[in-house]
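J.: coords below, sequence missing:
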């Protein structure tokens, strides 16, 4: 990749190796993100059982498309398997690793691409959180995909809720 970049005169940025924080683990997933997909379609693709009344359906105007078409990306997911993680801890780690936060459309793409993510992680329940937050309802909130054996939903919750051992924080 470096040689190809040099050939075309592209700027080369060498990032530090990714190292999980103590007590945490990281993994990567490949997803195809439709950058300009209408919000409700993105919500439905991520969480087909998302009720019409959920707040995640009310914030599409806060998360406008970031481009046009479909891009393939590799996302980095951070998890604290013993609990003890938090949204702010995850953001601090991501910043220390020079990673970018993810918008909800990218996390919704995880839900769509990995409909059995929770089972692949060996649990009956899991969630992946977009690390781009937005003030909604008087506080810091973030969108996420929730997997359960009986459903898959897209949701919007206050960032304080994200501390479970089955939570994954998404970066790029």
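T.: That came through, no problem. Quick caveat: nothing in here was measured; it's all calculated off a predicted structure. Numbering: from 1, shown residues only.
J.: so where do the helices sit in this protein?
T.: Using DSSP state H, the helices of the chain run over residues 2-7, 39-46, 87-96, 104-113, 117-120.
J.: determine which stretch of these is the most buried.
T.: helix 104-113 (a mean of 25; mean count of other CB atoms under 10 Å). The way it works is simple: take the backbone N, C-alpha and C, and place the C-beta from them, glycine included.
J.: quick one: list the elements packing against that one.
T.: Helices and strands touching helix 104-113, as assessed by 3 or more CB pairs under 8 Å, 6 or more residues apart in numbering; DSSP states H and E, comprise strand 25-34, helix 39-46, strand 70-79, strand 125-130, strand 139-148, strand 151-158, strand 167-171.
J.: need the winner for burial among these.
T.: It is strand 167-171: most buried of the helices and strands packed on helix 104-113 by mean count of other CB under 10 Å, with a mean of 27.
J.: which residues sit against that strand?
T.: 75-80, 85, 87, 90, 94, 97, 99-102, 106-107, 110, 126-131, 162 (CB atoms under 8 Å, 6 or more residues apart in numbering).
J.: tell me how far that strand is from the chain's mean position?
T.: Centroid separation for strand 167-171 versus its chain: 5 Å, with CA atoms, centre = their mean, to the nearest Å.
J.: avg pLDDT for it?
T.: For strand 167-171, the mean pLDDT works out to 98.
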